[in-house]
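[1] Need coordinates for the below:
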Amino acid sequence: MKSRINALVLELCPDGVEKKTLEECCIILDKKRKPVTKAAREAGEYPYYGANGIQDYVSDYLFDGTFVLVGEDGSVITKAGTPVVTWATGKIWVNNHAHIISEKDGVLLRYLYHYLQTIDISPLIHGNIPKLTGGDFRNLTIAVPPVPVQREIVRILDNFAELTAEITEKLTAELTARKKQYEYYRDALLNFGVHRGGTLETKWRTLGEICDILTGYPFDSAQFKKSGVRLMRGMNIKRGGLVFDESIDRYWESSKGLEKYLLDAGDIVISMDGSLVGKSFGTVAESDLPLLLVQRVARIRAVQANQRYVYHYISCKFPHYVELKKTKGAIPHISQKDISNFQIAIPEVDVQNKIAEVLDNFDAICSDLNIGLPAEIEARKKQYEYYRDMLLTFAAADDIILTDRQTDR
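    Now for the predicted structure:
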């Protein structure tokens with residue numbers, strides 16, 4: 001792969017690859033941009049682009065063609081220190097938070113799209129609101145090999161990008177199918193009919209009757225620590241699971257005197273307020289511990305039923321129940337009393353165990369795909385970045401000759 005590029009460079013530019021400023025390589029269209037406030041936008045079919053991609057859809061367009069957009073201010077730099085670059089085609093509107101360029105003879109626009117993502121712009125970004133100024137943008141240094149070399153590099157890198165997109169699409173479709181399969185069997189297995197006072201096989205109990213339900217301790221956020229015992233807060237509970245991340249995690253110095261609020265593996269936790277109340281719940285894993293329960297989060301621990309059966313029943317029936325019971329204010333909320341009064345069908349223990357086993361198997365498949373999907377995408381992204389950086393690093397003429405000879409041995 002690299003040998004092929006080296007051979008082309010050696011043949012077409014034996015004295016080395018020429019370097020130019022960005023404004024020599026493309027047509028810069030920044031003067032034609034036009035911002036429109038959200039209130040003034042008229043909804044429509046045309047993408048409205050900002051610093052990091054599509055922000056809205058509007059009824060008119062400013063540009064029609066194929067373009068590369070690069071963040072100017074706001075979200076303009078990646079974790080790697082490179083610019084935020086977007087490929088845009090068709091009829092579009094671009095505001096003044098993104099630089100916009102089109103193709104000029106001698107430099108393929110798709111080549112610039114890939115190359116711009118290799119440039120470290122961190123020394124150029126300053127201020128409270130990160131900004132890549134027009135002057136710095138125009139003066140970015142671009143290595144410009146002959147068009148046949150550019151075309152071969154674009155072909156290779158586009159193949160990696162297409163492979164990543166194809167794998168993402170397939171894995172996402174598989175995950176969606178498995179989730180639907182899980183939900184189908186869950187709903188079928190947990191459909192015990194309406195409450196008619198119970199039967200010999202299936203009784204109806206409130207969650208409070210069969211579970212130990214606890215709400216968290218009212219910690220003072222001003223005393224949160226950077227290390228210690230991690231807190232189980234509402235924002236750590238997302239739709240379908242728990243998420244722990246440095247950006248949202250908070251800690252308490254120790255659990256001394258707060259042992260009552262320590263969670264166990266398998267505990268069910270439910271966020272009691274917020275936009276996803278009733279839909280935000282999950283189970284605590286051994287690897288998550290230790291965790292201290294915070295107020296406005298409920299912990300559910302089964303004492304007269306199979307814990308996993310209770311979890312699956314909650315995931316199936318609880319969201320609808322919450323819709324009926326939650327407060328209607330700016331921040332929806334459900335009380336501990338309402339959680340305790342939630343009714344659950346309780347079949348014989350062996351039936352609970354079998355239902356839990358079947359649904360756990362489906363749940364495990366979904367979880368594996370949920371973990372595997374981002375991991376696979378990240379691996380493909382790193383593969384693309386590796387080859388992109390390798391292919392777009394051009395050696396001096398002597399080094400090119402040496403590399404070429406070594407490759408031919």
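[2] Run through the bridge partners of residue 21.
    residue 141 (DSSP bridges).
[3] Tell me where the stretch 101-250 of the chain has strands.
    141-144, 202-206, 211-215, 229-232, 237-238, 241-242 (DSSP state E, counting those that start in this stretch).
[4] pull the helix or strand with minimum mean pLDDT from the chain.
    Confidence across the helices and strands of the chain bottoms out at helix 397-408, with a mean of 37, counting by mean pLDDT, DSSP states H and E.
[5] Comparing the strands of the stretch 101-250 of the chain, which comes out most buried?
    strand 229-232 (a mean of 21; mean count of other Cβ atoms under 10 Å). (Glycine included, C-beta is placed from N, CA and C.)
[6] Name the spans of the stretch 201-350 of the chain whose pLDDT lies under the cut-off.
    201, 240 (pLDDT under 70).
[7] domain assignment for this protein?
    Domain assignment for the chain by automatic domain parsing gives 19-144, 206-340.
[8] Pipe these into a markdown table and attach distance to residue 358 per row.
    Formatted as a markdown table, the domains of the chain follow (distance: least, Cβ to Cβ, whole Å):
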| stretch | distance to residue 358 |
| --- | --- |
| domain 19-144 | 41 |
| domain 206-340 | 9 |
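[9] I'd like to know which of the ones you listed is closest to residue 157.
    domain 19-144 (5.1 Å; Cβ to Cβ).
[10] What's the end-to-end length of the closest one?
    This stretch, domain 19-144, spans 6 Å end to end (Cα to Cα, to the nearest Å).
[11] Repeat that for stretch 324-344.
    16 Å.
[12] Also stretch 29-39?
    25 Å.
[13] How about stretch 53-67?
    12 Å.
[14] tell me which residues of that stretch are tucked away?
    55, 56, 58, 61, 62, 63, 67 (16 or more other Cβ atoms under 10 Å).
[15] For that stretch, give me every contacting residue.
    With contact meaning Cβ atoms under 8 Å, 6 or more residues apart in numbering, stretch 53-67 is reached by 29, 32-34, 36, 38, 41-49, 86-95, 100-103, 109.
[16] Please tell me how far residue 132 sits from residue 71.
    Residue 132 is 7 Å from residue 71, where distance means Cβ to Cβ, to the nearest Å.
[17] who's more crowded, the two?
    Neighbour count, other Cβ atoms under 10 Å: between residue 132 and residue 71, residue 71 has more, with 26 against 23.
[18] Contact partners for the more buried one?
    Per Cβ under 8 Å, 6+ apart, neighbours of residue 71: 51, 52, 77, 83, 84, 85, 97, 98, 99, 132.
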